[in-house]
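Participant: Quick one: sequence and predicted model below, then my questions.
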Amino acid sequence: MSAPRQLHTESFAERPAYDTAVSRALLHGVAAGRHPEALRLHRPGAVVAFSALDRAQPGFREAVAAAKDEGFGAIVRLAGGRAAVFHEATLAFAWCVSDPEPRKRIAARFDQAAAVARETLLSLGVEARIGAVPGEYCPGAHSVNARGRTKLVGIGQRIVRGAAHVGGVLVIGASDRIRAPLGPVNAALGVDWDPSVVGSVEDEVGPVAWEDVRDAWIAAFARHGPLLPAPLPEALLRDAEAWTADHEA
């Protein structure tokens, strides 16, 4: 019998690069068979998460400076196409799953993650749909939106030999705090986008507790199989220290 899927909720918001490295260590732990399939849900700090593509752009240094000028940290995340924003009123998620041929099931994992995000939002009263909206930041076919008008969830994926990581962000509130840094950041990177399509759960249904959104995500994910709450292993946290510098912008 395979080990039960684990649920991790620790956050390291005060160390955003380390926070990202923790999810990377989880991915590699799953790939090596040292850790079972896992879902990590955590509350991040204020940070602009750049992609490897962003880092290769001539305006990257200017973009990092722009993020910091707006009071946001800057990291390089595991997956995703362009810059995204995390803050205290967002939910960060990371799903790490073992797969001997991870490339074959990229689409299936995207589909499942988007379905979980949509189920979560529907349970909160949001008219949620899967798909990109025109002009969205960090666009993706598996973004989840409200009413086909505003983006609420962004999803990215990274694969390594033996495992895959599907992660991203759900915006619960303070959508204005997504727009503020993305304006100068995307200008520096030369990325066209429409600030009006940034949304949040609270824009749709009014005030909602962060914990209620987290619990709704857990409930939606658990419909695909049981989850066992567990602390992150100390050995995994030590592994994350070695990767922290890789994720500093």
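Facilitator: All right, it came through fine.
Participant: the helices in this protein, which residues?
Facilitator: Using DSSP state H, the helices of the chain run over residues 16-31, 52-55, 60-69, 106-123, 176-189, 201-205, 210-222, 234-243.
Participant: Which one of those helices has the poorest average confidence?
Facilitator: The weakest mean pLDDT among these belongs to helix 52-55, with a mean of 94.
Participant: Mind exporting the C-alpha coordinates of that helix to PDB?
Facilitator: Extracted C-alpha coordinates of helix 52-55, given in PDB (Å, rounded to 0.1, in the frame of the first residue of the first chain):
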ATOM      1  CA  ALA A  52      13.300  32.000 -15.300                       C
ATOM      2  CA  LEU A  53      12.100  33.800 -18.500                       C
ATOM      3  CA  ASP A  54      11.800  37.100 -16.600                       C
ATOM      4  CA  ARG A  55      15.300  36.700 -15.200                       C
END
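Participant: in the chain, which residue is closest to the centre?
Facilitator: Nearest residue to the geometric centre of the chain (C-alpha atoms, centre = their mean): Gly168, 1.6 Å.
Participant: May I have the predicted confidence score for that residue?
Facilitator: 95.
Participant: Can I get the helices of the chain in JSON lines including distance to Asp99 and mean neighbour count?
Facilitator: All C-beta spots, glycine's among them, are computed from the backbone N, C-alpha and C. Shown next, in JSON lines, are these (distance: least, C-beta to C-beta, whole Å; neighbours: other C-beta atoms under 10 Å):
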{"stretch": "helix 16-31", "distance to Asp99": "9", "mean neighbour count": "24"}
{"stretch": "helix 52-55", "distance to Asp99": "22", "mean neighbour count": "17"}
{"stretch": "helix 60-69", "distance to Asp99": "32", "mean neighbour count": "19"}
{"stretch": "helix 106-123", "distance to Asp99": "8", "mean neighbour count": "19"}
{"stretch": "helix 176-189", "distance to Asp99": "32", "mean neighbour count": "20"}
{"stretch": "helix 201-205", "distance to Asp99": "31", "mean neighbour count": "20"}
{"stretch": "helix 210-222", "distance to Asp99": "17", "mean neighbour count": "17"}
{"stretch": "helix 234-243", "distance to Asp99": "19", "mean neighbour count": "15"}
